[in-house]
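Asker: Just the structure for this:
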Amino acid sequence: MVTNLKRLTTEYVVSEDRIRIVGESDSPEPVVIWMTCRLASRAVPAFLGWLDKQTPPSSITSAAQSEALQSFAQEAAVAALKPQEPVSASPEVSPWLVHAVDVAATRNRMTVTFCYQGDRSAAVRFDDTHLRQWLSILHGIWLEAKWPTLMWPEWIKREKTTQQHVTIH
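Answerer: Predicted structure coming up:
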């Protein structure tokens, strides 16, 4: 059973040393997802790779130009973020500890599926702007958690870090 998520609130929880994602769907109760650094570290490069493919290669003549285009697109996406009320869940909601993150991409959209036990999963669809916004939040979490930042490109490291309680949909 796949739950389609419409909005996410993503935060770092120090006591768990994990990422907590609360997702809103059509069901009355939100989904609470826990994701470890190890798992997120495997998923983020796929997100970044898809964003790299969003810029037509014919328009790029150098690595510096590619970096500048990515930086500009990232800053524009972050500037477009509008603060919203966080998605919240009652303490009675059973959280999921995600064991896999599947990524399926088309030219215009990326679907990220958080896999739990058996056939239970939750999926969220991103266009490039919303993915950039969520990556900004994840990068802020990385910095807060003091996790290794080697995989993060310079074009995202330069941006002003957003608050992790911003909701994306």
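Asker: Which secondary structure state is assigned to the residue nearest the centre of the chain?
Answerer: Centroid-nearest residue in the chain, with C-alpha atoms, centre = their mean: residue 134, separated by 4.0 Å. Three-state assignment for residue 134 (DSSP: H, G, I helix; E, B strand; the rest coil): helix.
Asker: I'd assumed residue 7 was in contact with it.
Answerer: No. Contact between residue 134 and residue 7 fails when scored by C-beta atoms under 8 Å: they sit 11.0 Å apart. Quick note: C-beta positions are derived from backbone N, CA and C, even for glycine.
Asker: which SS state does residue 123 fall under?
Answerer: Residue 123 ends up strand, using three-state DSSP.
Asker: Show the contacting residues for it.
Answerer: 2, 3, 4, 5, 111, 112, 113, 114 (C-beta atoms under 8 Å, 6 or more residues apart in numbering).
Asker: Run me through the strand neighbours of the helix or strand that contains the fifth one, direction for each.
Answerer: What that stands for is residue 111. Taking DSSP states H and E as the definition, residue 111 sits inside strand 110-115. Here strand 110-115 is paired, per DSSP bridges, with strand 100-105 (antiparallel), strand 121-126 (antiparallel).
Asker: any low-confidence regions in this structure?
Answerer: Applying pLDDT under 70 to the chain flags residues 55-61, 159-169.
Asker: Strands of that one, residue ranges please.
Answerer: Using DSSP state E, the strands of the chain run over 2-4, 7-13, 18-24, 31-35, 96-97, 100-105, 110-115, 121-126.
Asker: Throw those strands into CSV and include distance to residue 73, thanks.
Answerer: As requested, the strands of the chain are exported to CSV (distance: least, C-beta to C-beta, whole Å):
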stretch, distance to residue 73
strand 2-4, 26
strand 7-13, 20
strand 18-24, 24
strand 31-35, 25
strand 96-97, 32
strand 100-105, 17
strand 110-115, 15
strand 121-126, 14
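Asker: wait, doesn't residue 137 sit right on residue 10?
Answerer: Yes. Taking contacts as C-beta under 8 Å, residue 137 lies within contact range of residue 10: 5.1 Å.
Asker: hang on, the earlier thing: of the strands paired with strand 110-115, flag the one that's most buried.
Answerer: For the strands paired with strand 110-115, average neighbour numbers computed from mean count of other C-beta atoms under 10 Å are highest in strand 121-126, which has a mean of 20.
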